[in-house]
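[1] Build me a model:
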Amino acid sequence: MDRRRFFAAVPAAMAGSHALAQTMPGEPRMRRWDEQRWVLDNLIQANGIDWDQGRTGVILRSCGLAVQADMVALRQRVRKYADIVPAFEALARRREALGMAYEKDGAPIPARDNYYIAACYWANAMWPIDALNDQLRFFNQRKREMFTRYMALADHPIEWVELPYRGRSLSAVWHLPPGYRKGERVRTIVFVPGMDGFKERSVSLYADHFMQRGYAVLAIEGPGYWEAPLRGIFVDVKGWQEFGRTCMDWLRARPEVDPDRIGVIGSSFGTFFSAIFVSDEPRYRAASVVGTCYEPGGHSIFEEASPTFKRRFMFMSGITDEAKFDQFRRTLDWNGYAQRIRIPFMVVGGEADELSPLRYGEAFVAALAGPKLFMVYQDSRHSLAGPSVNNGPDPRIHSAEWMTARLDGRPMDSERWYIENGGRVIRTPLA
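    Predicted structure coming up:
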């Protein structure tokens, strides 16, 4: 099934001719969502919960193999879009109860694990809700409560953080590595998730690539992300640039942080916001991003992919009128920002990325003013997977190793790596 054609927008001649009314305050209205919902439900019935991206794979990476049975049950239960919220809510309540039972019985490790997993499930239950309503607030409260319980039992120090933003604040999570000793100054990264990502899962429950390497991690949700709309803070490109300076100032004030070894990691739409984030802040030493979103204006992701992407981003932007959002999305452009970036920058993308075609990643990399590595996986789509990913260098492990080398001051050549399906890496120099 060709999903991009199946979800194609209405003819261009009709675009903008439809007057859109809001159904309720805060709920976006978009034409494809209203007219093609039956298509979406049929695709979910045919392809399951992972119809638009590797959702269960991300959950497995963050929560570990203990949730395999949950993912099987999730795939069986979710047969249409309306099933997603109750399916995740049921999983979250079960894990919450397990965590409390284990803690009551004096078993802190399984209690800890279940609290983390419950927080992840509550957050996933929030994802389909695109209105500022009581259900969204309740799920967010449960997510935070479960993560707070996890923090109290975790194998490393974790704190909630509030970072100032235009007279308000944005929430973040601060992790120190296991075994951290007072007085140490460690390498640090800021983690910028994708538009469907959230700060609580930015550090995996087990075998996290950066925790294992002794990093501190500041997991953020910038303007428009996850909890931000609940605080009346929506997507703003300039705001992300401002937030990059705010996070750097906060990190440099922390006694645990080596101020000369701070980097940025971004994923999916976080690849775009990471670029904005570092563009006016040379004190970051390196940036590495995976799963590119570099098409200015985002036509592919917003007009050709699953309509859930556009509806979600409308909610993040605080815009309920589709015509107004289509004006706003023109501001989602890295031009004028990328050209100012002189720090080492690693970009990882799929050759067949359906959400941001490869040529836009190539243009972004060409615009960068500093050393760069562009890794392209043959035949891979946006959610990096397939033979080239399986047989070649693991993109996330390589990102952690690359970041460590850069923060340790090791030099690099600017190169393009093309990873073939058999795993062979073809390297060519970049200007």
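[2] From here on, just use CA atoms for contacts and neighbour counts.
    Will do.
[3] mind giving me the domain split of this protein?
    29-154, 155-431 (automatic domain parsing).
[4] export the ones you listed to TSV and tack on mean pLDDT?
    Listed next are those as TSV, based on pLDDT from 0 to 100:
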stretch	mean pLDDT
domain 29-154	95
domain 155-431	96
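[5] Switch the ones you listed over to TSV; also include mean neighbour count.
    TSV is the format used below for those (neighbours: other CA atoms under 10 Å):
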stretch	mean neighbour count
domain 29-154	18
domain 155-431	20
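[6] Quote the end-to-end distance of stretch 176-189.
    Distance across stretch 176-189, first residue to last, is 11 Å (CA to CA, to the nearest Å).
[7] Let me see the residues that make contact with that stretch.
    By CA atoms under 8 Å, 6 or more residues apart in numbering, the residues outside stretch 176-189 that reach it are 155-158, 211-212, 214-218, 255-258, 261-265, 407.
[8] Helices - which of those residues land there?
    Of the contacts of stretch 176-189, the ones assigned to helices by DSSP state H are L407.
[9] So which of the contacts of stretch 176-189 sit within strands?
    Here DSSP state E is the test, and the contacts of stretch 176-189 give I158, A216, V217, L218, V257, D258, R261, I262, G263, V264, I265 as lying in strands.
[10] now the first one, which residues is it bridged with?
    When you say that, I think you mean I158. H175 (DSSP bridges).
[11] still on that earlier bit, taking the ones in strands among the contacts of stretch 176-189 together, which two end up most distant?
    I158 and R261 (20.0 Å; CA to CA).
[12] Going by residue numbers, what spans are strands in the stretch 51-200 of the chain?
    For the stretch 51-200 of the chain, applying DSSP state E, counting those that start in this stretch gives strands covering 158-165, 168-175, 186-192.
[13] Between these, which one is closest to L384.
    strand 186-192 (17.4 Å).
[14] Given that closest one, what are its sheet partners and their directions?
    When pairing is defined by DSSP bridges, strand 186-192 lines up against strand 216-220 (parallel), strand 257-267 (parallel).
[15] any chance of these in a markdown table, with distance to G349 too?
    Below are these laid out as a markdown table (distance: least, CA to CA, whole Å):
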| stretch | distance to G349 |
| --- | --- |
| strand 216-220 | 22 |
| strand 257-267 | 10 |
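[16] what's the closest of those strands to R231?
    Among the strands paired with strand 186-192, the nearest to R231 by CA to CA is strand 216-220 (14.7 Å).
[17] what's the closest one in contact with?
    Here strand 216-220 makes contact (CA under 8 Å, 6+ apart) with 171-177, 186-193, 198-200, 202-203, 210-211, 257.
[18] Try it again at 7 Å.
    171-177, 186-192, 199, 202 (CA atoms under 7 Å, 6 or more residues apart in numbering).
[19] Could you find the closest non-adjacent residue to G392?
    Nearest non-adjacent residue to G392, counting by CA to CA, 6 or more residues apart in numbering: G423, 3.9 Å away.
[20] wait, I meant P296
    Leaving aside its sequence neighbours, P296 sits nearest to D333 (CA to CA, 6+ apart; 4.5 Å).
[21] What strand or helix carries V376?
    strand 372-377 (DSSP states H and E).
[22] which helices and strands does that strand pack with?
    Where contact means 3 or more CA pairs under 7 Å, 6 or more residues apart in numbering; DSSP states H and E, strand 372-377 is packed against strand 345-350, strand 415-419.
[23] Mind doing that once more with 10 Å?
    Helices and strands touching strand 372-377, as assessed by 3 or more CA pairs under 10 Å, 6 or more residues apart in numbering; DSSP states H and E, comprise strand 286-290, strand 345-350, helix 358-367, helix 387-391, helix 395-407, strand 415-419, strand 425-429.
[24] okay, the ones in strands among the contacts of stretch 176-189 in JSON lines with distance to Q45 next?
    Output for those, formatted as JSON lines (distance: CA to CA, whole Å):
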{"residue": "I158", "distance to Q45": "39"}
{"residue": "A216", "distance to Q45": "41"}
{"residue": "V217", "distance to Q45": "38"}
{"residue": "L218", "distance to Q45": "38"}
{"residue": "V257", "distance to Q45": "48"}
{"residue": "D258", "distance to Q45": "50"}
{"residue": "R261", "distance to Q45": "47"}
{"residue": "I262", "distance to Q45": "44"}
{"residue": "G263", "distance to Q45": "41"}
{"residue": "V264", "distance to Q45": "38"}
{"residue": "I265", "distance to Q45": "34"}
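[25] and which of these is nearest V67?
    I158 (22.8 Å).
[26] quick one: contacts for the closest one?
    T148, Y150, M151, A152, V173, W174, H175, L176, P177, A216, V217, L218 (CA atoms under 10 Å, 6 or more residues apart in numbering).
[27] How about F88?
    By CA under 10 Å, 6+ apart, F88 lies in contact with 70, 74, 77-78, 94, 118, 120-127.
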